[in-house]
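Q: sharing a model prediction with you, sequence too.
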Amino acid sequence: CLLAFAAHALTLKDAKSAGFLGEQADGYLGLVKANPEAKVLMLTVNKKRLARFKAIAKKNKTSVMDVAALAGEKFVKKTSKGNYIKTSSGKWQKK
């Protein structure tokens, strides 16, 4: 059964709508509900985001943190209704 589930790899959209992953103001995904497959997806996406943030920061001669924060604002704004975002108080909330 687990192998059949793994064959249908969890997409970012699915992981967000299932409530496993949410967007954070720091530009990275966070784990809302423990799920091994969602965690692997989160780590993979966050690694790609970090590489992208580093490239943008280098090009614009700014810090990776600044680029990530700007991206985080955009990601939170673009998050679909019903998906999770992390509030400034550090709590997960449905948008």
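A: On my side now, so go ahead. Numbering: from 1, shown residues only.

Q: what about the residue lying closest to G82 once chain neighbours are set aside, how many residues nearby?
A: Distance criterion C-beta to C-beta, 6 or more residues apart in numbering; nearest residue to G82, sequence neighbours excluded, is K94 at 6.0 Å. All C-beta atoms are positioned from the backbone trio N, CA, C, and that covers glycine. Neighbour count for K94, taken as other C-beta atoms under 10 Å: 12.

Q: one more: L10?
A: Residues near L10, counting by other C-beta under 10 Å, number 18.

Q: wait, it sits on A38?
A: Yes - L10 is within contact range of A38, at 6.1 Å (criterion: C-beta atoms under 8 Å).

Q: overlap in contacts of those two?
A: Listed contacts common to L10 and A38 are 18, 20; contacts here mean C-beta atoms under 8 Å, 6 or more residues apart in numbering.

Q: got the buried residues for the biggest helix by length in the chain?
A: Ranked by residue count, the top helix of the chain under DSSP state H comes out as helix 36-60. Buried residues in helix 36-60, counted by 16 or more other C-beta atoms under 10 Å: 37-38, 41-42, 46, 49, 53, 56-57.

Q: adding distance to K16, write the residues you listed out as a markdown table.
A: Rendered in a markdown table, the data for these read as follows (distance: C-beta to C-beta, whole Å):
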| residue | distance to K16 |
| --- | --- |
| E37 | 13 |
| A38 | 9 |
| L41 | 10 |
| M42 | 10 |
| N46 | 14 |
| R49 | 14 |
| F53 | 20 |
| I56 | 23 |
| A57 | 26 |
